[in-house]
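Q: A structural model of the following input is requested.
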Amino acid sequence: FVGTGLMSSNVPDRAVDTLPGHVYSLPNTSENELLKDNLWKALSGEPGQGEMAGFVVEGASISTIKFEVSPSVGLQEGNLIFCKQAQNIVYYQILGAETSEESFSSNPQGKHIASAAQIGVLDADNKFVKYPWLPDMNTPIFVFSDSHRFPEKELAEGQISIGKIPSSDITVRADLSQLIDYHTAVLGVTGTGKTELVFDLINSAVDQGVKVFCVDFTGEYQARLAARKPVSIGLDKAMADELDKRLFAVETGTYGAGAEKTTLKKFVDEIIPVVGEQVETFLREEGGAVGIFSLPEITNTKATLRATELYLSSIMRWARAHRKARRVMVVLEEAHTIIPETGGAGFDFETQWVVGRISQIALQGRKYGV
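A: All right, here's what the predicted structure looks like:
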């Protein structure tokens, strides 16, 4: 057999019959159980609750480590693991794994190499903070037993729970004030619960007096947030159809479409006060509330983008005029359809300007509480 050995201390004096380079199994005596517990604590920094999952191999970094997996340990994606670094317990979460080959002469052996992202170390407030270094090669990696429990702490003011770290009872906390004051992207493949998480954030924000403006073209928000008595905000069918029609005229007009663009601008100038009145009504009232922006059934993506831009621009004008009188959280469901990558989307200059304007609002909004 070939393996990696980890020396924790000198061989006990009583083991006079042991030989260097050999592996010996300890008999199951109470004295040896204590020795194994002490060995576990010396290597892991934790009392003996769990087992060794593997050891660090090449390719590790501060943010992501790689470790060879012990075949006797049952692991899965998302598991919490940890290792000891300079008397600190540093926690990681398994992101994935791959097979690898290790050759001894002409006898190749298969192995699993797992990768795990750093979560950090627990500080005095039981919060994770980043650890600024990476473990040494061959550092042992450990996994907790099912019975292990972390010290529980109540949520601080403004914090909400958004779940547990897999294979642990550690609460994942989100600071709602930071989610509102800064940009937050909720990413994941279909069916992983992105929208469910967003509904939790919306409800928590409203409870804290925030105005939540939801841009939703899926039709799902109105029913799912019915308990919040959401306000419907948007162009009526006649206005939406007219905007659609005038944008189509610009697309299909004569070279430059000068006359069509003039007609479009005149129409947009006419509906801006209507948009502004809806936004003013929604934002001027005290307390939290949900506003849902949607459009009647239209097929022109440009009309959707332009209408969205009109309402977001109106929110920004109100916010500038009232200087953080309200905290406003804008939620973009399926955001890639509202702020697409213009480089490869085939949009004309006019539409690129609209998308750029929405992006500019996203960048500048937090100055005004949006």
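
Q: Regarding Tyr91, which helix or strand does it belong to?
A: Secondary structure assignment for Tyr91, by DSSP states H and E: strand 88-104.

Q: what about that strand, average pLDDT?
A: Across strand 88-104, pLDDT averages out at 89.

Q: Which strands or helices does it pack on?
A: strand 64-69, strand 80-85, strand 107-122 (3 or more C-beta pairs under 8 Å, 6 or more residues apart in numbering; DSSP states H and E). Glycine gets a C-beta too; all of them are placed from N, C-alpha and C.

Q: Just checking: what are the partner strands of the last one?
A: Looking at strand 107-122 with DSSP bridges, its paired strands and their directions are strand 64-69 (antiparallel), strand 88-104 (antiparallel), strand 128-129 (antiparallel).

Q: mind giving me TSV with these and columns for mean neighbour count and distance to Ala223?
A: As requested, these are exported to TSV (neighbours: other C-beta atoms under 10 Å; distance: least, C-beta to C-beta, whole Å):
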stretch	mean neighbour count	distance to Ala223
strand 64-69	20	41
strand 88-104	14	34
strand 128-129	14	36
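
Q: So for Asn138, which of those sits nearest?
A: Nearest of the strands paired with strand 107-122 to Asn138, taken as C-beta to C-beta: strand 64-69 at 9.4 Å.

Q: what's the average pLDDT for the closest one?
A: Averaged across strand 64-69, the pLDDT comes to 96.

Q: Report the distance from it to the chain centre.
A: In terms of C-alpha atoms, centre = their mean, to the nearest Å, the centre of strand 64-69 is set 22 Å apart from its chain centre.

Q: Please save the CA atoms from it in PDB.
A: This file holds the C-alpha atoms of strand 64-69, laid out as PDB (Å, rounded to 0.1, in the frame of the first residue of the first chain):
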ATOM      1  CA  THR A  64     -10.800  27.600  -3.400                       C
ATOM      2  CA  ILE A  65      -9.000  24.500  -2.200                       C
ATOM      3  CA  LYS A  66      -8.600  21.100  -3.800                       C
ATOM      4  CA  PHE A  67      -8.300  17.900  -1.800                       C
ATOM      5  CA  GLU A  68      -8.000  14.200  -2.500                       C
ATOM      6  CA  VAL A  69     -11.100  12.500  -1.100                       C
END
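
Q: just use 713 as the starting number from now, easier for me
A: New numbering, starting at 713: the last item is strand 776-781.

Q: Val986 reaches Ala950, doesn't it?
A: No - the criterion here is C-beta atoms under 8 Å, and Val986 misses it with Ala950 at 11.3 Å.

Q: So for the two, which sits in the more crowded spot?
A: Between Val986 and Ala950, counted using other C-beta atoms under 10 Å, Val986 has the larger neighbour count: 14 against 9.

Q: Does that one lie in a helix or a strand, and which?
A: helix 970-996.

Q: Does anything pack onto that helix? Which helices or strands?
A: strand 923-927, strand 943-945, helix 949-964, helix 1013-1034.

Q: quick one: it to helix 1013-1034, angle?
A: 50 degrees (axes from the mean of the first three to the mean of the last three C-alpha atoms, to 10 degrees).

Q: For the most centrally placed residue in the chain, give me its contacts.
A: The centre of the chain sits closest to Val898, judged by C-alpha atoms, centre = their mean, with a distance of 5.2 Å. By C-beta atoms under 8 Å, 6 or more residues apart in numbering, the contact set of Val898 is Lys906, Leu909, Val910.

Q: Which residue is the nearest non-sequential neighbour of the last one?
A: With C-beta to C-beta, 6 or more residues apart in numbering as the criterion, Val910 has its nearest non-adjacent residue at 5.9 Å, and that residue is Val898.

Q: And that neighbour, how close does it get to Phe1061?
A: As for Val898, its distance to Phe1061 is 31 Å (criterion: C-beta to C-beta, to the nearest Å).

Q: which SSE is Asn895 in?
A: Asn isn't right for residue 895; it's His. Per DSSP H and E, there is no helix or strand for His895.

Q: okay, the spatially closest residue to it that is not a sequence neighbour: pLDDT?
A: Spatially, and ignoring its direct neighbours in sequence, His895 is nearest to Ala1074 (6.7 Å; C-beta to C-beta, 6+ apart). Here the pLDDT value assigned to Ala1074 is 83.
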